[in-house]
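# Pasting the sequence and the predicted coordinates here, then a few questions.
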Amino acid sequence: MADEALSAGAVARRLGVAVTTLRTWHQRYGLGPSEHVPGHHRRYTPADLARLEIMRRLTAEGVSPAEAARWARQAPDPVSTDVIVHTRLRPPSRDGGGTIPVGRAGPAARGLARAAMRLDAAAISETIAHTVAANGVVATWEGLLRPVLAGIGERHAATAGLIEVEHLVSRCVSEAFAAASRAKVPTGPARILLSCADEEQHTLPLEALAAALAEAGVSYRMLGARVPVAALVEAVTRTGPAAVVLWSHTRATADPAQLSAVLAAPRRPLLVLAAGPGWRADTLPAGVVRPVDLVEAVSLSVAVRDSLDQSTEG
């Protein structure tokens, strides 16, 4: 743990709680920041953070807030006492462990994973919104959301659990990306058409791309999940997009015939992107590009928009 004092927002993200929860713990139980610099807000020291970690863990395990606060305040050595208290009071896990693995992701991702396990929608939404505002959509997706979503998927594959966690986190992510898209509405015609493959229901990566395009000033149309190939071709024919992004999460939905149908549309787009892990590079029709990540998908979309705009101006 770093030795520097932390703001309330930084502590909330590390713990995976809402800032309003920190304020309540401060006002009701005296677990507030102890470092004070004249002319500035109080800051949380490492000892403050360790006591709050005790509070968070105990309340998450069913201990009343007042009792958890008593344990936290009386801890002479917050770090070591936390280990003892948590070991004594932690109930047996029924789902193979009480945490979501996030690999080498940073404190914000670990905090988000904790909030997800508690089904704390306020803390989840607050963390996502702060990270989008501070770092942008792409960095939020790559550094915060992908590790947590992958960890939830890993735990589900091992235990068949966490379905309720995945649903809640997905809803919070969708709402955050929708808000980000509304905050920066691009002008001009919609040059990019975003669609899931037929029967594909995983839309979050496509929603991340939509928010990232809005952030970059690129107009788009979003068709969403489970778009039959005939409907996709009809949309391409009616709107004449410069680029079509077709998302497939699994091999079961990655039928290359869908891509071929788009390429054969009367108003063939300049660029067709096969996005997602479902697509196999060796099965893609000629003329289809498979972006390696969100960054490349945004970059290609911006490039084709700019190319079309320049040709129109010329």
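That came through, no problem. Numbers count the residues shown, from 1 in each chain.
# residues touching T250, list them.
E200, H202, P277, G278 (C-beta atoms under 8 Å, 6 or more residues apart in numbering). (C-beta placed from N, C-alpha, C; glycine too.)
# What separation do you get for the last one and L213?
In other words, G278. Distance of G278 to L213, computed by C-beta to C-beta, to the nearest Å: 21 Å.
# neighbour count winner among these two?
Comparing G278 with L213 by other C-beta atoms under 10 Å, the one with more neighbours is L213, at 27 against 19.
# Do you know the pLDDT at the more buried one?
Note for L213: predicted pLDDT of 96.
# Please report how far it lies from D282.
28 Å.
# Check for me that R221 belongs to a helix.
No - under DSSP: H, G, I helix; E, B strand; the rest coil, R221 falls outside any helix and is assigned strand.
# How many residues are close by the nearest residue to it once chain neighbours are set aside?
Among residues not flanking R221 along the chain, A190 sits closest, at 4.7 Å (C-beta to C-beta, 6 or more residues apart in numbering). Other residues lying near A190 total 18 when counted by other C-beta under 10 Å.
# thinking again about what came up before, out of the contacts of T250, give me the two with the largest separation.
Maximum pairwise distance in the contacts of T250, criterion C-beta to C-beta, is 11.5 Å, between E200 and P277.
# More neighbours: those two, which one.
A side-by-side neighbour count of E200 and P277, using other C-beta under 10 Å, places E200 first with 24 against 13.
# Contacts only, for the more buried one.
E200 sits in contact with A225, R226, W247, S248, H249, T250, T253, G278, where contact means C-beta under 8 Å, 6+ apart.
# Among the residues you listed, which are located in strands?
W247 (DSSP state E).
# other SSEs contacting the helix or strand hosting D309?
Assessed by DSSP states H and E, D309 sits inside helix 294-313. Secondary-structure packing of helix 294-313 (3 or more C-beta pairs under 8 Å, 6 or more residues apart in numbering; DSSP states H and E): helix 137-140, strand 192-196, helix 204-215, strand 243-247, strand 271-275.
# Could you find the closest non-adjacent residue to Q201?
A225 (4.9 Å).
# Okay, the one you found and I54: tell me how far apart.
Using C-beta to C-beta, A225 is found at 42 Å from I54.
# which one of these two has more residues nearby?
I54 (26 against 15).
# Check what pLDDT the more buried one gets.
The model's pLDDT for I54 equals 88.
# again with G32
pLDDT, read off for G32, is 88.
# Does it touch H41 like I think?
No - judged on C-beta atoms under 8 Å, G32 makes no contact with H41 at a distance of 10.9 Å.
# who's more crowded, the two?
Per other C-beta under 10 Å, whichever of G32 and H41 has more neighbours is G32, with 15 against 9.
# List the contacts of the more buried one.
G32 makes contact with W25, H26, R42, D48, according to C-beta under 8 Å, 6+ apart.
# thinking again about what came up before, and what about the residue nearest to R221, helix, strand or coil?
coil.
# Kindly report the same for A286.
Three-state call for A286 (three-state DSSP): coil.
# What separation do you get for it and A264?
12 Å.
# between those two, who's got more neighbours?
Shown here are A286 and A264; by other C-beta under 10 Å, A264 has more neighbours (11 against 6).
# tell me the phi and psi of the more buried one?
Main-chain torsions, A264, degrees, to the nearest 10: phi -90, psi 0.
# same check, this time on the one 4 residues further on
R268 has phi and psi values of phi -60, psi 130 when expressed as degrees, to the nearest 10.
# Quick check: A225 touching L204?
No - the pair A225 / L204 is not scored as a contact, 10.3 Å apart, by C-beta under 8 Å.
# Just give me the closest of the contacts of E200 to A105.
The nearest member of the contacts of E200 to A105, counting by C-beta to C-beta, is H249 at 20.8 Å.
# Could you tell me which residues make contact with that closest one?
So H249 contacts E200, H202, P205, G276, P277, G278 (C-beta under 8 Å, 6+ apart).
# Out of the contacts of G32, show me where the pLDDT dips lowest.
Lowest confidence among these: R42, with 80.
# now that one: how far from S34?
Counting by C-beta to C-beta, the gap from R42 to S34 is 7 Å.
# what does the domain assignment say about this structure?
Here the domain assignment for the chain is 1-91, 96-183, 186-313, based on automatic domain parsing.
# I124 and D198: what is the separation?
31 Å.
# Neighbour count: the two, which is higher?
It is I124, of I124 and D198, that has more neighbours when counted by other C-beta under 10 Å, with 28 against 20.
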